[in-house]
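Trainee: Okay, sequence plus prediction incoming.
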Amino acid sequence: MLETQSESLFAKLGGSAAVDAAVDKFYRRVLADDRVNRFFEGVDMDKQATKQKAFLTMAFGGPNNYTGLDMKKGHEHLLKMGMDDTHFDAIVENLGATLKDMGVADELIAQVAATAETTREAVMGRI
Amino acid sequence: MLLLAGETLDVLPGETVLDCLVRHQVEVKSGCKAGACQSCLVRTNNVPPAKSQKGLRQDLIDRGYFMSCQCSADELAEIELADTEVFPSYEANLIQVDQLAPNIFRYWLSPESPIPFRLGQFVKLKYHAVERCYSIAEERDGMLGFHVRLIEDGAMSLLLRHAKQGGSFTITGPLGNCSYQAKSKEQPLLLVGSSTGLAPLYGILKDALCAGHSGPIALYHGAADATGIYLQSELLQLADNHPNFSYVPCTDVEQDEFRTGSPVTISLSDLPDLTGYQVYICGNPAMSRAMQKKAFLAGANLADLFMDPFEAQ
Ligand code: FES
């Protein structure tokens, strides 16, 4: 059930073209956001952008095979840097603002936020 | 069957190249397994399926890179891991050396066979067992022109100081993504470089003008002081002949007719909004990364940022 629902979300948002359109806008917002940009200090921007793209694909309900363990491992270094739930909230907020800028309907934005939310426990290392 | 570095890997029906490598305990990175994160890149001399190269940088596509999670293992005959890529090598002779500034020289090398390249890309130059990377700044009569700043105690600098006409070099490459690739002839271009970071930018500029680029092109070239500003009269001449090209030399210390400050700060104060721009950046790594980030925050898209950081050596 969740599968079909999320696939249709991905299609409704415009598929991978929507991810391509969103990735620069989203990443620019995150880098300009003083609450979270220190976590991105000194990282290779091109590599980071492909990670952002993978994240957006996942949040948009697109194809992905991330496991909770992948998510946990990928964020461990950020936990050591002091990442907590407020930072996760800030990212979701930036994601919502990006989509709003792009003219996406509130109801779809809520679905994207809910998909992103499913990774919270893994990202925070609580699984 | 799939050939990897002379070894034959058996292939299960329906498995991806990535799965096949993992099953044979070959170390390869992966992430989304859905063609989004590009962490699973490997390369091939065969033709990989289009979806396995979707969204990749052009120079990677040209070199046969593809996402191994997006290609079934039975579609290809052989693959190579990303970090074992071998670039072709060419022998070349030194034809001429021009002095461009007190410590900056242009070395003209003539390769024995033609090298496919675009101005601005870089190669590895090997001379008497010392190897360094240099950008291809110019081309003339089949010769390649490299800008080199000779530094005190640099291993390559010491050798090059005494290089004689006819001296034999090995050229490996070309590598890199820093070459003229505007999406349209009208797209505005910003070129920012320090020291001999001018080399690739000069090549890109020449290519752009040659292609009839009609959008604005702004070049900001920075150096510690006036002795690092070179090819100034050529660039002023180009600016005279091409109204869409502007040239801004800048120096860290206050000096002569130059703007004072770093080319990063000065270019961004002149051009605070880079939406729609293509930006080419070449200089030391710290300067390049700072410019990349600032240009992105000023509105340029990541796919329009080309960077070629180098270390003076
Ligand atoms: S694992 Fe993400 S593109 Fe292949």
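Mentor: Structure received.

Trainee: count of residues packed around B:Phe87?
Mentor: Neighbours of B:Phe87 under the rule other CB atoms under 10 Å in any protein chain shown: 12. In short, each C-beta sits where N, CA and C put it, glycine included.

Trainee: So it sits against B:Leu175, correct?
Mentor: Yes: taking contact to mean CB atoms under 8 Å, the distance of 6.6 Å between B:Phe87 and B:Leu175 places them in contact.

Trainee: what is in contact with the two at once?
Mentor: Each of B:Lys124 lies in contact with both B:Phe87 and B:Leu175 under the rule CB atoms under 8 Å, 6 or more residues apart in numbering or on different chains.

Trainee: what pLDDT, on average, does stretch B:48-65 get?
Mentor: Per-residue confidence for stretch B:48-65 averages out to 91 on the pLDDT scale.

Trainee: Next one: that stretch, is it in contact with the ligand?
Mentor: No: applying CB under 6 Å from any ligand atom, one finds stretch B:48-65 out of contact with the ligand, separated by at least 8.7 Å.

Trainee: Could you confirm whether that stretch reaches chain A?
Mentor: Yes: using CB under 8 Å from any CB of the partner chain, stretch B:48-65 comes into contact with chain A via B:54-55.

Trainee: what sits against the residue in chain A that the ligand sits nearest to?
Mentor: Of all residues in chain A, A:Ala54 sits closest to the ligand, at 6.2 Å by CB to the nearest ligand atom. The neighbours of A:Ala54, taking CB under 8 Å, 6+ apart as the test, are A:64, A:66, B:31-32, B:34, B:36-37.

Trainee: what about 7 Å?
Mentor: A:64, B:31-32, B:36-37 (CB atoms under 7 Å, 6 or more residues apart in numbering or on different chains).

Trainee: Out of these, who's the most crowded?
Mentor: The member of these that has the most neighbours, counting by other CB under 10 Å, is B:Ala36 with 29 neighbours.

Trainee: surely that one meets A:Ala59?
Mentor: No: checked against CB atoms under 7 Å, the pair B:Ala36 and A:Ala59 is beyond contact range at 11.1 Å.

Trainee: Tally up the residues packed near B:Pro285, please.
Mentor: 11.

Trainee: do the one 5 residues further on as well
Mentor: Neighbour count of B:Ala290, defined by other CB under 10 Å: 16.

Trainee: what's the answer for B:Leu60, then?
Mentor: Using other CB under 10 Å, B:Leu60 is surrounded by 16 other residues.

Trainee: Give me the secondary structure label for it.
Mentor: At B:Leu60, secondary structure determined by DSSP: H, G, I helix; E, B strand; the rest coil is helix.

Trainee: what separates it from A:Met124, distance-wise?
Mentor: Noted for B:Leu60: a distance of 34 Å to A:Met124, by CB to CB, to the nearest Å.
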